[in-house]
Every structure is written in C-alpha cells, then in structure tokens.
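Sequence and predicted structure are below.
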Amino acid sequence: MTKDKKLGLGTRAIHAGYEPDSTGAVNPPVYQSSTFAFRSAAHGARLFTGEEEGYIYTRIGNPTIRALEDNIAALEGGARGMACSSGMAASNTLFFSFLSAGEHVIVTDAVYGPTRLILETHWSRFGVEHSAIDTADLDAVRAAVRPNTRMIFVETPANPTLKVTDIAGCAEIARQAGAVFIVDNTFMSPVLQRPLEHGADIVVHSITKFINGHTDIVGGLIVFKKDAGYELAFKPWYMLGAVMDPHQAFLGYRGVKSLKLRALAAQANARQLAQALLEHPAVAWVAYPGLPEHPQYEVHQRQADGPGSLISFELKGGLKAGAALMDGVRIMTLAVSLGGIETLIQHPASMTHAGMTLEQRHEAGITDGLVRVSVGCEDVEDLLADMAQALAQV
Ligand SMILES: Cc1ncc(COP(=O)(O)O)c(C=O)c1O
C-alpha cells in the first residue's frame, strides 16, 4: 500500500515506510539495538552473503532507520534511501563514493558553505578537483565541464542568494559528460520539488531542516533514483560510519508525517511576508522565488510546485540596520538553520559570515544589509506585526 506511487504525497508522507507490526504499534518502534541475533549459523551466513534480507548490525542497517529511508525515497520517487548522521555526512558519503583522485566535480558556488569548503580544503588533499560556479548559468556549467568531470552537485534554490539552477538543463549536461548529477533539495523538500523527476540521479537532504521540521535533530538522507547508485554507495557509507542513529530516525519519521502541512503553511506565510518586505521603505530588495522580479522565476515555476519559505532581503541601512533588526524581533528567533516550524532569522554579515573580510563577503554575495528569514508556521498576522515593529527600529 505505502509504495503505491499513485497515492498523494501527503498520504505517502504519513504512511510510507512502515506498516503496523504484530503489536499493532502505529508508529515504528525505536529499535535501540546495536546488533541483531541470528537464528542459526546458517541464517547468519545467509544474511552476510545477501542471500536473505535482514538486519546484522545497526551501522549497516536498522528497521527504524529503514522506515525513514523508505518514506523519503517514496516522497522523492526514488528506488532507495540511505540515512546519514547529518546532511554533511550525506554529502561527504556521496563525494567519497563517486569521486577518486584526479577526478573533478562542478558545484554551485553558493552551495551550503561547508559543502564547498570541504571540497576546497579537504577533498583537494586527496586529489579531487572542483569548480565552484554559478550553476544558474547553464553556459557556465557547460564551460566548466572537463574530460575528468564525474559529478555535478547543485543546490537550488541556493543559500542565501536564493539563485535557482535549471535542474533539467544541468541533468542533460551531466548526461553528456557521463557525470553523476546530484541535487541538494534541502530548501524545497519533496513537497515542493522532486529533482529525480527532472533528470537528477541522486537527491540529498539535510533532514535537520524541513523533513524533520521540529528543530530537534540533525540528520541527512540520500535518495538514489536507481538501485545501482545505492549499491555503489552502500559499502563506502557503512565503512565510513556515516549512519543515522535509530532514535534520530524515529524523530525524523515522526516529523516527516506533517511535512506537507508544514511546508504549505510556511509557504503561505512567506508569500505574505515577502510582499510586505518588498513594499517596505527600509528594504532595498527582496530575493524570493515566488516574486516575478526573481531572475530565475520562470525556471523555478517550471521545476517546483511552489516558492518555499526562505526569503533573503537587503536592508538599506547595511550592517548597523541588520544588527538592529536582529535585536528588534520578538517572535522570530535569532538563530541559524531553517525549515523548522518556528520562524528563524539571521544576519550573515554580523553572524555566520562575520569572520570573512568585507571583500570575501561581497564576492560571495553576502552584502552588509542581507537578512535571511526561514518563515515558520506561526499566525501570519503575528509575523507581519513582528517584522513591522522590528523594521521601525532600524
Ligand atoms: C542546503 C543545505 N545542505 C546541507 C546542509 C548540511 O546539513 P547538516 O547541518 O544537517 O549537516 C545544510 C545545513 O544548513 C544546508 O542548509
């Protein structure tokens, strides 16, 4: 029943991955066990050779973790999911599995900071080459392809610029180059965007964000379009030890059941907040894929079912105004991360990116007055009033 692709996405989010067991438990039990007993020596041998499916050791597989993997795979329309301890563990499992010394990866320049940084500073130590480019520009992607390009890794919309990459366009470039094409779908969640439908081979998530949605775990999830991709990454994943914990998986599964409700409610709030910001005299510009002014509005409309709930905007008053806004908000929580049920706000120039020089920040598009809001599910009137009173203080 739960694997039926004809079922709506909201139904799959609630049911996929788990059927009530012999106890009738409606939710998957937390199998808090590091290891699993074999019924006999022959049974153990069959599990090890893969002749029979079953559980051996939690770093290799666990029923609570499997419930979450199957749920997200059903939402993204993939063959198989692979749960990881964090979003970064998921991305690094993919780099480790698909790239070797002397090979090259193309990555979105505005990809999540540590994803780019680890390619620059650590994977480079093992001879993996990379080009960080503006993947919103398909000509730039084509120009970046080298004979040794084995992976294209994009994030769309990307953070905090909210630039959008054409997924189908990149998929075609990757296909011609013989490279694996991976999309970080954290910002949209499968409710709003399903990259495998547009030609991606693999989707990666930080489920810390929308999928879990309750700001109480860190976790990652990879979905492979084909079993072959899963099989290739399986041993690297379990030998790296990148696996999720069963309790983390239980909470993630609890969270994903309400993903559709949360994503749509937050998006409805964000549409109103983006419009209010656009009209406010203290705001220079607003980046939100739901506004026709967004440079890749058409592309996003084509490949996603909605603009989501992340908004970036520039305060005319620069650094000082940004810090004043952060001190002025009362309901919005001053914190990094995103995709939770509560609204989070942050000012990169005085917070996450304060360690960079002015030049480095501007090169990365982190202007002094840039503010990022991850809009949550509070009553929209309260969010609009909170933003208005805080903007009045800048
Ligand atoms: C788009 C994106 N990808 C990956 C990550 C990394 O995820 P995690 O913090 O779960 O390791 C983040 C974290 O903020 C993110 O925003």
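Alright, I've got the coordinates. Numbering: from 1, shown residues only.

Can you give the distance from whatever helix or strand Met387 lives in to the centre of its chain?
In this structure, Met387 sits in helix 380-391 according to DSSP states H and E. The chain centre lies 27 Å from the centre of helix 380-391; the measure is Cα atoms, centre = their mean, to the nearest Å.

Using CSV, write out every CA atom in it.
Listed next in CSV are the C-alpha coordinates belonging to helix 380-391 (Å, rounded to 0.1, in the frame of the first residue of the first chain):
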residue,chain,number,x,y,z
VAL,A,380,0.9,35.3,9.7
GLU,A,381,-0.5,38.4,11.4
ASP,A,382,1.9,38.0,14.3
LEU,A,383,4.9,37.5,11.9
LEU,A,384,3.9,40.6,9.8
ALA,A,385,3.5,42.7,13.0
ASP,A,386,6.8,41.4,14.4
MET,A,387,8.7,42.3,11.3
ALA,A,388,7.0,45.7,11.0
GLN,A,389,7.8,46.7,14.6
ALA,A,390,11.4,45.5,14.2
LEU,A,391,11.9,47.3,10.9
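
Show me what that helix is packed up against.
helix 259-278, helix 318-328 (3 or more Cβ pairs under 8 Å, 6 or more residues apart in numbering; DSSP states H and E). The C-beta positions use only the backbone N, C-alpha and C, and glycine is treated the same way.

Just say which of the ones you listed is most tucked in.
Mean neighbours per residue, mean count of other Cβ atoms under 10 Å, is largest over the helices and strands packed on helix 380-391 for helix 259-278, with a mean of 20.

chain center to that one: distance?
That offset, for helix 259-278, works out to 18 Å (Cα atoms, centre = their mean).

cool, and stretch 366-378?
With Cα atoms, centre = their mean, you get 17 Å for stretch 366-378.

what is the mean pLDDT for that stretch?
Mean per-residue pLDDT for stretch 366-378: 95.

how long is that stretch end to end?
End-to-end span of stretch 366-378 (Cα to Cα, to the nearest Å): 28 Å.

Let me know whether it sits next to the ligand.
No. Stretch 366-378 does not reach the ligand (Cβ under 6 Å from any ligand atom); its nearest approach is 9.7 Å.

Quick check: residues of the protein near the ligand?
Counting by Cβ under 6 Å from any ligand atom, the chain sits next to the ligand at 86-88, 112, 155, 159, 184, 186-187, 206, 208, 218, 220.

do that again at 5 Å, thanks
For the chain, the contact set with the ligand under Cβ under 5 Å from any ligand atom comprises Ser86, Gly87, Met88, Tyr112, Asp184, Thr186, Ser206, Thr208, Val218.

Now the helix holding Met387: buried residues?
Buried positions in helix 380-391, judged by neighbour count with 16 or more other Cβ atoms under 10 Å: Val380, Leu383, Leu384, Asp386, Met387, Ala390, Leu391.

Among the residues you listed, which one lies nearest to Val191?
For these, the closest approach to Val191 (Cβ to Cβ) belongs to Val380, at 18.9 Å.

All the strands of the chain, in order from the start?
80-84, 104-108, 129-133, 149-155, 180-184, 202-206, 220-224, 283-287, 310-315, 333-334, 344-346, 370-374 (DSSP state E).

With mean neighbour count added, can I get the ones you listed in TSV?
Putting the strands of the chain into TSV (neighbours: other Cβ atoms under 10 Å) gives the following:
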stretch	mean neighbour count
strand 80-84	26
strand 104-108	25
strand 129-133	18
strand 149-155	25
strand 180-184	26
strand 202-206	28
strand 220-224	28
strand 283-287	19
strand 310-315	24
strand 333-334	14
strand 344-346	22
strand 370-374	24
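
could those be laid out in CSV, adding distance to Thr11?
What follows is the strands of the chain, written out as CSV (distance: least, Cβ to Cβ, whole Å):
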stretch, distance to Thr11
strand 80-84, 18
strand 104-108, 33
strand 129-133, 39
strand 149-155, 28
strand 180-184, 24
strand 202-206, 20
strand 220-224, 18
strand 283-287, 33
strand 310-315, 26
strand 333-334, 32
strand 344-346, 29
strand 370-374, 26
